[in-house]
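Student: turn this into a model:
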Amino acid sequence: MQVDTLILGAGAAGMMCAAHCGGRTLVIDHARAPGEKIRISGGGRCNFTNLYTAPENFISANPHFCKSALKRYTQWDFIALVDAHGIPWHEKTLGQLFCDTSAKDIIAMLRAEMACPGADLWLQTQLVDLRHDGDSFHAALEVEGARHNLYARNVVLATGGKSIPKMGATGLAYDIARQFGLGMTKTSAGLVPFTFPEGRFAELAGVAVPVRARAGGASFDEALLFTHRGLSGPAMLQISSYWREGEAICLDLDPDATLLDTLRTQRSQSGRHNLTTELARHLPARLIGALPAQTDVSLGGNLADQSDAALARLCRALRNWQLTPGGTEGYRTAEVTLGGIDTSGINSKTMEAKALPGLYVIGEALDVTGWLGGYNFQWAWASGVAAGRAISHKLDEKGHPATG
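Tutor: Sure thing, here's the model as predicted:
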């Protein structure tokens, strides 16, 4: 069997690419259904893009690499596609867009977009072997126990990274990249909760509080959630992508910097009230009760007993809570993989490998990682379109589509 393009991976990037390739395209995946990560994302509603997507929202050894694709296929382009399919959506917070009904709407949209140019989809299909003979790729596939040999002019690596192995993540793209001489950057779990030893925050499990979290030179103002195993919530997931093992993270429990003036005002009006009672008007009571054991702050006495200097010391401590995680939950719960296939070996406009024409890399497999909030999906759409359009243009130039 011969095709123009073989796409490995029926996820967000792979299906988007298939919709734009032209010619005869085959998408394969070892899963039973396409778009499984799309289906579970956003609590089943799929945070499909972000209104504020910009290159600054992505992490890469080469921060300039993502600019071309993101500029040529923007969040507005994807929103227009969603609207064209009649999918209702809403903005939640911070520019995050979600489906009103179900993430399955996005999967159905992508399948329809793939079907329009005639792309085929083979599920429960294993890649047994992939070689390049100097002219085209030869792939050995296994489908329901039967082996199929396939020849393709182009191969697109769209199998993602190592995150959430229970969904089938294997790091296959990395193995293929190494096989064909592409470089790799160090990979690690990103957008992942932190763990602490000995159940340090078990008594606070379930408590959420807005914070400013800092690590690795980055800062995020979002919610923190205490868990039985450590720290989670959007703020922690965001900062985990910048944190390095052994480093401390800094939590600011007064991100608006208003607590000191507020406590001084309360002291003049309710000075006889217990300090912890007044603090509980601004922070969760369970957190206030645990702070003396967790930090070196003293919360004894009435508010009237606190001098300006004492209140200032308290607020400084609350704004600079230093914690050193024991680690993270790892790939098991990580939403993305940091690092990946080195972008220095990839054309930023076409996603094609510089050393091996016809090999393309898109989506999470590349060393491009977005923030939490729809950015990684937008990268999947943009990189998929970039590769698909480049392949279509190349096929048009050759002018002779493949036949099976």
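Student: CA atoms for contacts and neighbours, from now on please.
Tutor: Fine.
Student: quick one, longest helix in the protein?
Tutor: Identified as the longest helix of the chain according to DSSP state H is helix 375-398.
Student: CA atoms only: put that one into PDB for me.
Tutor: C-alpha atoms of helix 375-398 as PDB (Å, rounded to 0.1, in the frame of the first residue of the first chain):
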ATOM      1  CA  TYR A 375      -2.000  27.000  25.100                       C
ATOM      2  CA  ASN A 376      -0.800  23.500  24.400                       C
ATOM      3  CA  PHE A 377      -3.900  22.800  22.300                       C
ATOM      4  CA  GLN A 378      -3.300  26.000  20.300                       C
ATOM      5  CA  TRP A 379       0.300  24.800  19.700                       C
ATOM      6  CA  ALA A 380      -1.100  21.400  18.500                       C
ATOM      7  CA  TRP A 381      -3.500  23.200  16.100                       C
ATOM      8  CA  ALA A 382      -0.800  25.700  14.800                       C
ATOM      9  CA  SER A 383       2.000  23.100  14.300                       C
ATOM     10  CA  GLY A 384      -0.400  20.600  12.700                       C
ATOM     11  CA  VAL A 385      -1.600  23.200  10.200                       C
ATOM     12  CA  ALA A 386       2.000  24.300   9.500                       C
ATOM     13  CA  ALA A 387       3.000  20.800   8.600                       C
ATOM     14  CA  GLY A 388      -0.200  20.000   6.800                       C
ATOM     15  CA  ARG A 389       0.000  23.000   4.600                       C
ATOM     16  CA  ALA A 390       3.700  22.400   3.800                       C
ATOM     17  CA  ILE A 391       3.000  18.800   2.800                       C
ATOM     18  CA  SER A 392       0.000  19.900   0.600                       C
ATOM     19  CA  HIS A 393       2.200  22.500  -1.100                       C
ATOM     20  CA  LYS A 394       4.900  20.000  -1.800                       C
ATOM     21  CA  LEU A 395       2.400  17.500  -3.200                       C
ATOM     22  CA  ASP A 396       0.900  20.200  -5.400                       C
ATOM     23  CA  GLU A 397       4.400  21.000  -6.800                       C
ATOM     24  CA  LYS A 398       5.000  17.300  -7.600                       C
END
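Student: how far is that helix from where the chain is centred?
Tutor: 20 Å (C-alpha atoms, centre = their mean, to the nearest Å).
Student: now do the buried residues in it.
Tutor: 375-392, 395 (16 or more other C-alpha atoms under 10 Å).
Student: from residue 231, how far out is residue 251?
Tutor: 11 Å (C-alpha to C-alpha, to the nearest Å).
Student: actually residue 194, sorry about that
Tutor: Going from residue 194 to residue 231 by C-alpha to C-alpha gives 5 Å.
Student: count of neighbours near the nearest residue to residue 48 once chain neighbours are set aside?
Tutor: Computed as C-alpha to C-alpha, 6 or more residues apart in numbering, the closest residue to residue 48 that is not its neighbour in sequence is residue 374, at 5.3 Å. The local packing of residue 374 (other C-alpha atoms under 10 Å) involves 24 other residues.
Student: mind listing what residue 374 touches?
Tutor: By C-alpha atoms under 8 Å, 6 or more residues apart in numbering, residue 374 lies in contact with 47, 48, 49, 50, 96, 97.
Student: closest to residue 347 among these?
Tutor: Residue 347 lies nearest to residue 49 out of the contacts of residue 374, by C-alpha to C-alpha, at 23.8 Å.
Student: next one: the residue nearest to residue 302 when sequence neighbours are not counted from residue 268, what distance?
Tutor: Nearest non-adjacent residue to residue 302, counting by C-alpha to C-alpha, 6+ apart: residue 274, 4.1 Å away. Distance, residue 274 to residue 268, using C-alpha to C-alpha: 13 Å.
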